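I would like the atomic coordinates for the input below:
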Amino acid sequence: MPKRFKLDKIINIYRSNIISMQLPISRYSELLQKKYEKLTALLRPFNAPEIQVFASPPSHYRMRAEFRIWHEQGDFYHIMFDQTTKQRYRIDEFPIAGELINRMMKSLLALLKEQEVLHQKLFQIDYLSTLSNQIIVSLLYHKPLLDEWQQAARNLKEKLTALGFDLQIIGRASKQKICLERDYADEILSVAGRNYVYRQVENSFTQPNAAVNCKMLEWAIDCTKNSEGDLLELYCGNGNFSIALAQNFRKVLATEIAKPSVAAAQFNITKNGVENLQIIRMSAEEFTQAIKGVREFNRLKGIDLKSYECNTIFVDPPRAGLDSETVKLVRNYDRILYISCNPHTLCDNLVELSKTHRIERAALFDQFPYTDHMESGVWLIRK
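Numbers count the residues shown, from 1 in each chain. Next up, the predicted model:
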């Protein structure tokens, strides 16, 4: 499920550093220690063991970024808004974002300025990069995109390719989406000594911090090693976790509601040679109704739910956490792997889950350095 963490929050917390383009790198360990102490306090009522901490690279860690474009006196540039004060800040380089994004920001704007059709009524640029050095650039406009724009965009792509970029360009306007080639990039992640290919679709959720994502996957694999039976995953996205975890289970059944993510997951399953993973296009709530026999779904035709012996469940819910009915479903499983982007809603869910399960392992993943945001994980075993 999408868990968009706005870059504006980084400005609100470290406004002076963003303006000067200096990250408080010297304070990184101190700030991470504060997160550890806060999460430790939150999990203390549930008798959590010592929390494992997985740090981020201190700079150039974010694989996607979105900037508004500000036009002023014949010039234009990237900006970000402080959501509290509405103050805008010019962004010429962005040390939070990956080095590939920073290189593209400089090269792209210089070339956009050469052709009016490309920068006229351009109001936003989105970047999605990968560790495999592929990048998607989405140009958003307040005007229809005609044939003239498409030809100019092709010329732009040729020039950027000549500069060494492996890129895709997408144009967006009201009720328009134009892909010059394709709307995805293929990421390659090295996890526990193995390379995994993940297709990442433009405008769909992907893990923003690739280095920390690799650590999350390794931790999840380690938690579930020597598992018996099958795995059920809710909110599987493009298969980020389920593909890596499939090696530890007889079979894996995963659910996802977004069509682009399901399509990407199906590609990733094939590309990574995973033969024991089935994706169902359903929400967690719908699956709960299906498994309880409350409703029948055509999407489940041909899938024998009774053939699965799922005694482990994996959940990575949105910031609101698990709804009450899904919590009841989750409690039915002997082992629960729970990745959370909001420790407060995680603790809300643990009030119920801890009645039947204990926390065997806990982890802090620093997906968003220099902010208060905490990504965490717990591995729960039935008492």
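
Could you use CA atoms for every contact and neighbour count after this?
Noted.

what bits of this structure have low per-residue confidence?
Along the chain, the parts satisfying pLDDT under 70 run over 1-21.

Can you name the residues in contact with the one helix or strand residue 38 maps to?
Here residue 38, judged by DSSP states H and E, is contained in helix 28-43. Identification of contacts with helix 28-43 by CA atoms under 8 Å, 6 or more residues apart in numbering yields 48, 50-51, 53, 55, 58, 343-344, 347, 364, 366, 369-370, 372, 374.

What's the first helix or strand after it?
strand 51-54.

Okay, now the sheet partners of whichever helix or strand comes after that following strand, with direction.
Downstream of strand 51-54, the first helix or strand assigned by DSSP H and E is strand 64-72. Its sheet considered, strand 64-72 pairs with strand 75-81 (antiparallel), strand 122-129 (antiparallel) by DSSP bridges.

Just say which of these is most tucked in.
Across those, averaging neighbours per residue (mean count of other CA atoms under 10 Å) puts strand 122-129 on top, at a mean of 22.

which residues are contacting that strand?
Strand 122-129 is contacted by residues 63-70, 98, 100-101, 135-142, 185, 202 when judged by CA under 8 Å, 6+ apart.

centre of the chain versus that strand, how much separation?
Relative to its parent chain, strand 122-129 has a centroid offset of 17 Å by CA atoms, centre = their mean, to the nearest Å.

Give me the contacts around the helix or strand that that strand is followed by.
Going down the chain from strand 122-129, the next helix or strand is strand 134-141, by DSSP H and E. Applying CA under 8 Å, 6+ apart, the contact partners of strand 134-141 are 100-101, 121-129, 165-174, 183-187, 202.

Would you quantify the distance from the residue nearest to residue 375 when sequence neighbours are not counted to residue 257?
Using CA to CA, 6 or more residues apart in numbering and skipping the chain neighbours, the partner closest in space to residue 375 is residue 341 (4.5 Å). Taking CA to CA, to the nearest Å as the measure, residue 341 falls 19 Å from residue 257.

Same drill for those two, tell me which one is more crowded.
Per other CA atoms under 10 Å, whichever of residue 341 and residue 257 has more neighbours is residue 341, with 22 against 18.

how about that one, phi and psi?
Backbone torsions of residue 341, given as degrees, to the nearest 10, read phi -100, psi 10.

Pull the contacting residues for it.
Residue 341 is in contact with 3, 317, 318, 319, 373, 374, 375, 376, counting by CA under 8 Å, 6+ apart.

Determine which two of those are furthest apart.
In the contacts of residue 341, two members sit farther apart than any others by CA to CA. They are 317 and 373, at 15.3 Å.

what bridges to residue 137?
Residue 137 has these beta-bridge partners by DSSP bridges: residue 127, residue 169.

Give me the buried subset of the contacts of helix 28-43.
Among the contacts of helix 28-43, those buried by neighbour count (16 or more other CA atoms under 10 Å) are 48, 51, 53, 55, 58, 343-344, 347, 364, 366, 369-370, 374.

from those, which is closest to residue 358?
Of all the buried ones among the contacts of helix 28-43, residue 358 sits closest to residue 48, with 8.0 Å by CA to CA.

quick one: the closest one and residue 354 touch, right?
No. In this structure, residue 48 is not within contact of residue 354 by CA atoms under 8 Å, at 10.3 Å.

Wait, a strand at residue 245?
No. Per DSSP: H, G, I helix; E, B strand; the rest coil, residue 245 lies outside any strand segment and is helix.

check which helix or strand covers the closest residue to it other than its chain neighbours.
Leaving aside its chain neighbours, residue 245 sits nearest to residue 221 (5.7 Å; criterion: CA to CA, 6+ apart). Per DSSP H and E: residue 221 is located in helix 210-224.

Is the nearest residue to residue 261 once chain neighbours are set aside part of a helix or strand, or is it coil?
Among residues not flanking residue 261 along the chain, residue 238 sits closest, at 4.7 Å (CA to CA, 6+ apart). Following three-state DSSP, we place residue 238 in the coil state.

wait, isn't residue 238 in contact with residue 264?
Yes. Counting by CA under 8 Å, residue 238 touches residue 264, with 5.3 Å between them.

So if I had to pick from these two, which one is more boxed in?
residue 238 (30 against 20).

what residue lies at the spatial centre of the protein?
residue 207 (2.3 Å; CA atoms, centre = their mean).

Can you tell me the element it falls in?
Residue 207 belongs to no helix or strand, assigned by DSSP H and E.

From residue 53, how far out is it?
Between residue 207 and residue 53 the computed distance is 18 Å (CA to CA).
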